[in-house]
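# how would this look folded up:
(one chain, ligands or ions: 3)
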Amino acid sequence: MQVDVILGLQWGDEGKGKIVDFLADKYDIIARFQGGPNAGHTLYIDGVKHVLHTIPSGIFRDGKINYIGNGVVIDPVTLLKEIENLEKQGIPVKERLVISKRANLILPTHKILDAASESSKGTSKIGSTLKGIGPTYMDKTGRNGLRFGDIQEEDFIVKYELLKAKHLQLLQIYNFDYELKEMEDAWFEAVEKLKDFKQVESVYFINEALKKGKRILAEGAQGSMLDIDFGTYPFVTSSNTISAAVCTGLGISPKHIGEVIGITKAYCTRVGGGPFPSELDDEVGEKLRKEGSEFGATTGRPRRCGWIDLPALNYACLINGVTKLIITKADILNSFEEFGVTTHYKYDNKETKDLPYDMVNKKIVPTNIFFKSWGDIPASGPISAELKAYVDYLEKYLNTKVAMVSNGPGREQLIDLTEGKLLA
Ligand code: GDP
Ligand code: IMO
Ligand code: MG
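Ligands and ions are numbered 1, 2, ... in the order given. The predicted structure is shown next:
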């Protein structure tokens, strides 16, 4: 059996959660493979809004396993809060959730270090969600991390205290006030409660599932332009967000990767600092933010808005091996008579489709062309000539088929351009 992948092609918040929730019906296991509670995936089910941070977006589907893979970093407090929220709504989370013993833990001191590091950077701060992501991945690669399986071990407290002591020493280099005790109490309380949830030896769990013919959907967090290696460094997150990370984040071989479904908004947003060549820092951008309700699902911060950026999307398709595209928020562009599409970048006295390795110190000027908006999108039947012209242009530019267009936040608000063949 194969593992299909859904991931974001921009700077996050492309609508991955909605699409995963919709497609989850066709799978047995929905698996997160990287990132942590910096993610905020929004689902609307029967008109009710839900935001997930660590739990995969298949959790609302009956009979599905939702798996938090080894590549994810877990904050016990946020995870428990999420679980309790879902349980209150009658979702049997214990039956549906499985956690890798190899997933690294976010300690309270990781969050404090994140905040201390950001505040020391002043105006050049990354704009982190302050969930402790960077410091936790640093400890993982520095070979100091604590892992989810450790919570059952006798020496857990010893390991915790050792790492905490290292963090407290590190914190001395920052002039930063913090209050640890309350955070620590909540953390240990959450750890205790999480011991009741199913933990697995990840490699055997996922590979045995594949052998048994289980269908697996891998759910990405963040977006390709926030990837630690290929994003707009250093304004990125601390994990690999691209399709390659599915293998390392779940423990499967590349030969099992099937469809790579790339999600892009019909325009573009970014939250936090860093390069954004097609950004509209004017009333047009403001209108996009207002019409698209572009405020962060995790932090509530206003998202920066701009036109869709095809050089960046082309780059993202290349690194991920995208096999199908899904365009979200097509409905939002209807508040404009016409809208822009960035086709090229101008920098170093040339016009190109290529991204420079350093986008921070280069002055990039976007070349835009304009399209007419499409009016109301019918729930079924042929799409309008205007929407078709836009879809055709993207398909040609990116050399990849558009499988679906999303025209509202609801689970069923999707136009299937493949006539049901996307996952056939
Ligand atoms: P994710 O992080 O990629 O899952 O995306 P977020 O949940 O952070 O942000 C996407 C936002 O757009 C959420 O509020 C979704 O409910 C909303 N959304 C997703 N698809 C559509 C769509 O096609 N139209 C509209 N209007 N909203 C959408
Ligand atoms: P989803 O999964 C949008 C951004 C932050 C910041 C940078 C680093 O909902 O698409 P971090 O907390 O990782 O140290 O922040 O990355 N960022 C996201 N932006 N969507 C996300 O996740 C994000 N996760 C992190 O705003 O600029
Ligand atoms: Mg989000």
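# and the closest residue in space to G127 that isn't next to it in sequence, what's its pLDDT?
Excluding its sequence neighbours, the residue lying closest to G127 (Cβ to Cβ, 6 or more residues apart in numbering) is G272, at 2.7 Å. The way it works is simple: take the backbone N, C-alpha and C, and place the C-beta from them, glycine included. With respect to pLDDT, G272 has a value of 95.
# pretty sure G272 contacts L130?
No: at 10.6 Å, G272 does not count as touching L130 under the criterion of Cβ atoms under 8 Å.
# what about those two, which has more around it?
G272 (22 against 17; other Cβ atoms under 10 Å).
# got the phi/psi numbers for that one?
Backbone torsions for G272, taken as degrees, to the nearest 10, come to phi 100, psi -180.
# gap between it and D114?
G272 is 13 Å from D114, where distance means Cβ to Cβ, to the nearest Å.
# and the stretch 151-300 of the chain, which residues reach ligand 2?
Contact residues (Cβ under 6 Å from any ligand atom) of the stretch 151-300 of the chain with ligand 2: 221-223, 226, 237, 271-272, 297.
# narrow those residues to those in helices?
Among these, the subset assigned to helices under DSSP state H is empty.
# pick out the lowest-pLDDT one from those residues.
Ranking these by pLDDT, A297 lands last with 85.
# thought it was touching P37?
No: judged on Cβ under 8 Å, A297 makes no contact with P37 at a distance of 11.1 Å.
# so which of those two has more stuff around it?
Comparing A297 with P37 by other Cβ under 10 Å, the one with more neighbours is P37, at 26 against 18.
# what pLDDT does the more buried one get?
98.
# what is the neighbour count of the residue in the stretch 1-150 of the chain positioned nearest to ligand 2?
The stretch 1-150 of the chain approaches ligand 2 most closely through G12 (2.4 Å), counting by Cβ to the nearest ligand atom. Residues contacting G12 under the criterion other Cβ under 10 Å number 28.
# for G306, see how far away it is.
14 Å.
# give the contact list for the residue in the stretch 151-300 of the chain positioned nearest to ligand 1.
Taking Cβ to the nearest ligand atom, ligand 1 has its nearest neighbour within the stretch 151-300 of the chain at A297, 3.8 Å off. Contacts for A297 (Cβ atoms under 8 Å, 6 or more residues apart in numbering) come out as 13, 40-42, 51.
# so where does G134 fall, helix or strand?
Here G134 is covered by helix 133-141, with elements defined by DSSP states H and E.
# in that helix, what's buried?
Buried residues in helix 133-141, counted by 16 or more other Cβ atoms under 10 Å: 133-137, 139-140.
# pull the number of nearby residues for G375.
10.
# and it, what are its phi and psi?
When read as degrees, to the nearest 10, the backbone of G375 gives phi 70, psi -170.
# quick one: buried ones out of the contacts of A297?
Buried members of the contacts of A297, counted by 16+ other Cβ under 10 Å: 13, 40-42.
# just the ones in strands from the residues you listed, please.
41-42 (DSSP state E).
# near ligand 1, list only the ones from the buried ones among the contacts of A297.
Contacts with ligand 1 within the buried ones among the contacts of A297, as defined by Cβ under 6 Å from any ligand atom: 13, 40-42.
# secondary structure class for D354?
Three-state call for D354 (DSSP: H, G, I helix; E, B strand; the rest coil): coil.
# just give the closest residue to it, not the sequence neighbours.
Closest residue to D354 apart from its sequence neighbours, by Cβ to Cβ, 6+ apart: P311 at 6.9 Å.
# show the pLDDT at that neighbour.
98.
# what sits against it?
Contacts of P311 (Cβ under 8 Å, 6+ apart): 277, 342-345, 352-355.
# which one of those residues has the most neighbours?
Top of the contacts of P311 by neighbour count (other Cβ under 10 Å): Y345, with 25 neighbours.
# which element is that residue on?
Going by DSSP H and E, Y345 is in strand 338-347.
# ok, stretch 324-340 near ligand 1 or not?
Yes: between stretch 324-340 and ligand 1, judged by Cβ under 6 Å from any ligand atom, the touching residues are 328-329, 331-332.
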